[in-house]
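Participant: Take this sequence and fold it.
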Amino acid sequence: MRKTGFAPIVDERSRVLVLGTFPSLLSRREEWYYAHPRNAFWPILFRIYGRAFDRPGLEEKRGLLLENGVALWDVVASCETEGSADTEIKSPVLIDLTGFLREHAGIKRVCYNGGNAARFAKGLGPLPVPGLTLPSTSPANARYHFDAKLEIWRNAILKEESV
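Facilitator: Next up, the predicted model:
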């Protein structure tokens, strides 16, 4: 059965776009980005901006992104998949990232949440802004400890705020 991803979180303040691959099974059930409690995405973003991560609601998460110029989306718009692993993605239809970046001209860089997001994005062709692959925040990525991920993400995200 074909699954569809989420709409982007973006507004006129967005300066950096974080692109994941496709929502996990739990995220699809919860209808929200990075819903798995062991995914480090939200704890990392909250730490970067000096805010406590104490069970924030969806609007608080959305607000954190937009207030700080961070847009969020996934590179796969729809696909056939049953589980959460990127390796299970079949027949992917990719987003129109070039059109999206044209429409949101304030975005100056794309940060890929992991190598799989970057690999899928290669199918989009050349982009008008630079891209940077960051360590995946997925709990399946045991290569980096939380603090290492946090430091890499902080450097990439805060660098983009000065663009």
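Participant: Name the spans of this structure whose pLDDT lies under the cut-off.
Facilitator: By pLDDT under 70, the low-scoring segments of the chain are 160-163.
Participant: For burial, what's the neighbour tally of residue 17?
Facilitator: 26 (other CB atoms under 10 Å). For every residue, glycine as well, the C-beta is placed using N, CA and C.
Participant: Could you look up the SS state of residue 79?
Facilitator: strand (DSSP: H, G, I helix; E, B strand; the rest coil).
Participant: need the contact list for it.
Facilitator: 2, 3, 22, 89, 90, 91, 92, 93 (CB atoms under 8 Å, 6 or more residues apart in numbering).
Participant: will you turn those into a markdown table that also has neighbour count and secondary structure?
Facilitator: What follows is those, written out as a markdown table (neighbours: other CB atoms under 10 Å; DSSP: H, G, I helix; E, B strand; the rest coil):
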| residue | neighbour count | secondary structure |
| --- | --- | --- |
| 2 | 10 | strand |
| 3 | 15 | strand |
| 22 | 25 | coil |
| 89 | 18 | coil |
| 90 | 10 | strand |
| 91 | 9 | strand |
| 92 | 18 | strand |
| 93 | 11 | strand |
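Participant: With respect to residue 71, which of these is nearest?
Facilitator: residue 22 (16.8 Å; CB to CB).
Participant: wouldn't the closest one be in contact with residue 5 here?
Facilitator: Yes - applying CB atoms under 8 Å as the test, residue 22 and residue 5 come out as touching, 5.7 Å apart.
Participant: joint contacts of these two?
Facilitator: Joint contacts of residue 22 and residue 5 (CB under 8 Å, 6+ apart) are 74, 76.
Participant: Pull the distance from the longest helix seen in the chain to the chain's centre.
Facilitator: Ranked by residue count, the top helix of the chain under DSSP state H comes out as helix 146-161. Relative to the centre of its chain, helix 146-161 is centred 13 Å away, using CA atoms, centre = their mean, to the nearest Å.
Participant: Adjust the sequence numbering to begin at 36 for everything that follows.
Facilitator: With 36 as the first residue, the last one maps to helix 181-196.
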